[in-house]
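Asks: output the structure for:
(4 chains)
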There are 4 protein chains.
Amino acid sequence: MDYQKILDTIYEEMSYRDVTGKVASYIPELAKVDPKKFGMHLYCGEKQHYGFGDSEENFSVQSITKVFTLAMTMKIMGEDLWKRVDVEPSGNPFNSLTQLEQESGIPRNPFINAGALVISDILVDHLDNPKEDLLNFVRKITGDDDIHYDPTIAASEKSTGYRNIALANYMKALGNIKCDVDPILDFYFHQCSLAMSCKDLAKAFMIFANKGNILETGENVLKPEIVKRINALMQTCGFYDEAGEFSFEVGLPGKSGVGGGIVAIHPENYSVAVWSPILNPKGNSELGMKALERLTTLTGVSVF
Amino acid sequence: MDYQKILDTIYEEMSYRDVTGKVASYIPELAKVDPKKFGMHLYCGEKQHYGFGDSEENFSVQSITKVFTLAMTMKIMGEDLWKRVDVEPSGNPFNSLTQLEQESGIPRNPFINAGALVISDILVDHLDNPKEDLLNFVRKITGDDDIHYDPTIAASEKSTGYRNIALANYMKALGNIKCDVDPILDFYFHQCSLAMSCKDLAKAFMIFANKGNILETGENVLKPEIVKRINALMQTCGFYDEAGEFSFEVGLPGKSGVGGGIVAIHPENYSVAVWSPILNPKGNSELGMKALERLTTLTGVSVF
Amino acid sequence: MDYQKILDTIYEEMSYRDVTGKVASYIPELAKVDPKKFGMHLYCGEKQHYGFGDSEENFSVQSITKVFTLAMTMKIMGEDLWKRVDVEPSGNPFNSLTQLEQESGIPRNPFINAGALVISDILVDHLDNPKEDLLNFVRKITGDDDIHYDPTIAASEKSTGYRNIALANYMKALGNIKCDVDPILDFYFHQCSLAMSCKDLAKAFMIFANKGNILETGENVLKPEIVKRINALMQTCGFYDEAGEFSFEVGLPGKSGVGGGIVAIHPENYSVAVWSPILNPKGNSELGMKALERLTTLTGVSVF
Amino acid sequence: MDYQKILDTIYEEMSYRDVTGKVASYIPELAKVDPKKFGMHLYCGEKQHYGFGDSEENFSVQSITKVFTLAMTMKIMGEDLWKRVDVEPSGNPFNSLTQLEQESGIPRNPFINAGALVISDILVDHLDNPKEDLLNFVRKITGDDDIHYDPTIAASEKSTGYRNIALANYMKALGNIKCDVDPILDFYFHQCSLAMSCKDLAKAFMIFANKGNILETGENVLKPEIVKRINALMQTCGFYDEAGEFSFEVGLPGKSGVGGGIVAIHPENYSVAVWSPILNPKGNSELGMKALERLTTLTGVSVF
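Replies: All right, here's what the predicted structure looks like:
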């Protein structure tokens, strides 16, 4: 399949498109991003990768890192993880406290903020240097040592992160947070601030399209059964309250972030990342969603 | 792949297994079913199909028919359907009224009862003989004219269906039901009473694994893009409040019914149906869920 | 105290006032009422009663009858009633199904629709002619045999009462309705259609300001402890989701109806009824609320 | 009326009574209180006051102080207060976050924790020394300079107050908290730790039974219209999710605390405080509720 040609078609189609949403403004730093940024990168292998636009420019990947921390936690905890977080779609906005109240502090899945905070708690509890370990994990699967947290973003998250502070304290009250709240939040805010490009993300997520192996080196990083489950979670829970819509329109497992990035994979075929900072009302990249829908429509292939 | 051998392994494994759930009792007729019934059928084509146990015995397929009525409605309504029903997982029990109250009468998806009642409303509105048309649709894709409603089950549904009566009237109050409530419910209760075997179901669902074509005749019944979307909906919404769990453990699009049936498909490979009447706390067949998890584990293949 | 002068002052003040709400339109018949109707009647005794405007014109008292049916039911059931309905404010709109779902079919109080339907169920279960008995009860405490249901209103309620049909069926599903749903709804829709004037209502409610005795005859109709409890319920639950506001602004036990009527009592002093069909966003008479606030402000006396 | 005799009767009756609840354990210090403590004090004036048991022993008055801080805030803010907190019963547990989520950060009333935190925010914002000012206010209306915070309780609240930290941060996220969260919580935890006896509380609350005047000195502390509204709020919202029950059984405006104290007033007659640390499932003193029900039953007088 001529992926470059398909990407070029998407780029052209999207250029005609009106967007109606807004750049994320809940932290001051994110609001400063140029709303016209647009890039996409599709990765099949070292010599077969395709892109357009701002696909090599770093942006704040935000919630997309939840997939990395989930993977690290599944390696540490195995099945015991599921006693503390569920695997069901939430049917609620990503930062809902109501769901926690109804379900006694057990987050619906690891991709809503509450779930990611439980994941943070586990990593802070088990690792001496969780921030460093996360960087190392991402650098390894991307094959790029030049990936960093953005300290300005991390500080901005912290200074306005009242809702996440509320979530962590609330789960502490309900008994589902073990460590002190402060280091958990520090890790969480740093994790959100990770800066990567579409090209980086596509390379990194290739392990989920390749049964847990790094494509270039063949090294196994995650067991295939862990990958199968992470992909299932991306499919049902990767897009906040719009997971059904993404599955319905795109038909691939994926994960979005409020920085405007979306990454998706087609198992045994490719991984693909797209970035456009303007978000739809449900908090997912408006152009990104559309670009991926066009990808599976033009290729005629999805997991379904 | 030697599917018969895999099925035989599953049959043997399941025979050692304790089950802890109960047969559905919300309608008196369902409670009479022998809890020991157990059958499974996997269909790759006319000459490649495999089964065990009670796979050719009819049972009440219940909510599995929601896939058929959805398909019929998508043919009639196209995209306009999605103004009246959403495509998101519910995060609530299958018969919740709370969700409707919060979302102004728009059901979260076509597979919760409220969504299926809107589907019924549309079919009653557009078709002269919706009950007959549904039978004809199912007979055609199954290639079997001997499929019927079970009038005893239908009457039992009607006599105790207070919650569905409540749902239909509530949506009528909220403006999302057009026809009179009585014929909608009559159609809905009949639809639930459809009697089919695992073998029938596996054959019928083959169209969803075969881009909308009847495998034997090659006749196209549903456009491929409709099939892609129905499969996406089965993946994210097919198991009430356990869709994430099914996706997580099994990794295939599927649909369950409180009669204890589950059907799932692996696009371009097979469709499979399993029946065991004992339900887990979330209303899905306990052995059926496990049997399908074993199937994708033993074959090593899922959509992820 | 010169109540007539105070009423005259209120009448004049209200005539200058802009109203911003709307007449109830949920049943076609109610929408036909002249929005300019305005009357008030305060009753201290046969020779001490005061009024203005349309205080002797009949209107649809709607939910105000819930106080009468509650009184009848407390006489029949005693404390056992409270196993089937609670005594807490609802914190939700008057016709919410969510609360029922969360609390297993036990309505929060007898004045929300769900609670009144349970009350209807009990009266239909215990009485041979509940509609006649309710009329007789109201006629007796009012001292007026010329009080009737309005059959046009009752029919209009029935033809559009989908939400009440939903509530009754839902509670039937949850096990808190004993009789068939149809006669319960027939009684309920008739009860809502009762036609009375402000003067009638003020006379009828005098029993709640007079320890359960009919003032003129001295006959005891309700035990004082029942009256104390009904007054407490009117105070905390008599105004849908605005009970706090009414208590806060007016400071008297009372009950409103969507026909635009409000009745309130000052124990051992007076009962008072007001009617103006234009409703505020929470479904209570906009001028009526204000008129009663002025009454307790101008008299300087409330229960607090 | 011979109040001492009535109190003695209550004391005797309660001594025979089984209690089934538990002492509050959500902060370690409260769990240490002797569950057998029991005292009651009724105050009509300097020379007419009556008590029994441990009525002069200090205990942690907890949420009862919310009435004092509300009074201080109403003096400062007037009607503007009601833009930031509502006056409706909550229909939810006292520390619910769900309600806040549904209603955009506006607490249902000033007596649930969220409402009291908004009150704290206002006092911290307007006063230089809010902790001192609260002490001074309480000392003045009680006529006793020997009233203090309990620093051990305050520290214990702080060390385990995750849910209140969550509430404050959540409302900050929703824009209904102006100051920094830390000083608000510091004030709030101190306020909860105020130590007073039944006798103190009865004297202090006499201003609410006496139109805002200190009975002994005649000094006006609160305008009568403020008192009317505070009493209305105590009636409809003073007992968490059991306000209806208290109104129904007792029929007086009142306020409870998880320390096991309850205070109630009968306007123009008396104020009364009771203390017994064992709480019913809804968090109100089990014996205290019963003792007050007996008081209005034996005197035959309530506001209804």
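
Asks: pull stretch A:128-142 out as CSV, backbone CA atoms only.
Replies: Below are the C-alpha coordinates for stretch A:128-142, written out as CSV (Å, rounded to 0.1, in the frame of the first residue of the first chain):
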residue,chain,number,x,y,z
ASP,A,128,13.2,4.5,43.5
ASN,A,129,13.3,6.9,40.6
PRO,A,130,10.0,6.7,38.8
LYS,A,131,10.5,9.8,36.7
GLU,A,132,13.9,8.6,35.5
ASP,A,133,12.6,5.1,34.9
LEU,A,134,9.7,6.3,32.8
LEU,A,135,12.1,8.4,30.6
ASN,A,136,14.3,5.4,30.2
PHE,A,137,11.4,3.2,29.2
VAL,A,138,10.2,5.7,26.6
ARG,A,139,13.8,6.3,25.3
LYS,A,140,14.4,2.6,24.9
ILE,A,141,11.3,1.8,22.9
THR,A,142,11.7,4.9,20.8
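
Asks: show me which residues of that stretch are buried.
Replies: The neighbour-count check on stretch A:128-142 (16 or more other CB atoms under 10 Å in any protein chain shown) flags A:130, A:131, A:134, A:135, A:137, A:138, A:139, A:140, A:141, A:142 as buried. Where C-beta positions appear, they are placed from N, C-alpha and C, glycine not excepted.

Asks: same check, this time on stretch A:280-292
Replies: With burial defined by 16+ other CB under 10 Å, the residues of stretch A:280-292 counted as buried are A:280, A:282, A:283, A:284, A:285, A:286, A:287, A:288, A:289, A:290, A:291, A:292.

Asks: does chain B sit close to the helix or strand of chain A with the lowest mean pLDDT?
Replies: Across the helices and strands of chain A, mean pLDDT, DSSP states H and E gives its lowest value to helix A:98-102, namely a mean of 78. Yes - Helix A:98-102 is in contact with chain B by CB under 8 Å from any CB of the partner chain, via residue A:99.

Asks: does any part of the following helix or strand past that helix sit near chain D?
Replies: Per DSSP states H and E, the first helix or strand lying C-terminal to helix A:98-102 is helix A:113-126. No - legend: contact between helix A:113-126 and chain D by CB under 8 Å from any CB is lacking; minimum distance shown is 11.3 Å.

Asks: you'd agree residue A:9 is in a strand?
Replies: No - under DSSP: H, G, I helix; E, B strand; the rest coil, residue A:9 sits outside any strand and is assigned helix.

Asks: residues contacting it?
Replies: With contact set as CB atoms under 8 Å, 6 or more residues apart in numbering or on different chains, residue A:9 has these partners: A:294, A:298.

Asks: tell me how far it lies from residue A:297.
Replies: Residue A:9 sits 11 Å away from residue A:297 when distances are taken as CB to CB, to the nearest Å.

Asks: likewise residue A:303?
Replies: Here the criterion is CB to CB. By it, residue A:303 lies 14 Å from residue A:297.

Asks: over to residue A:215?
Replies: Residue A:215 is 26 Å from residue A:297, by CB to CB.

Asks: show me where the stretch 1-150 of chain A has its strands.
Replies: Secondary structure of the stretch 1-150 of chain A by DSSP state E, counting those that start in this stretch: the strands cover A:22-23, A:39-45, A:48-53, A:59-60, A:148-149.

Asks: and of the ones you listed, who's closest to residue C:88?
Replies: For these, the distance to residue C:88 is smallest for strand A:22-23, at 41.6 Å, taking CB to CB.

Asks: can you list the strands that the closest one pairs with?
Replies: When pairing is defined by DSSP bridges, strand A:22-23 lines up against strand A:278-279 (antiparallel).
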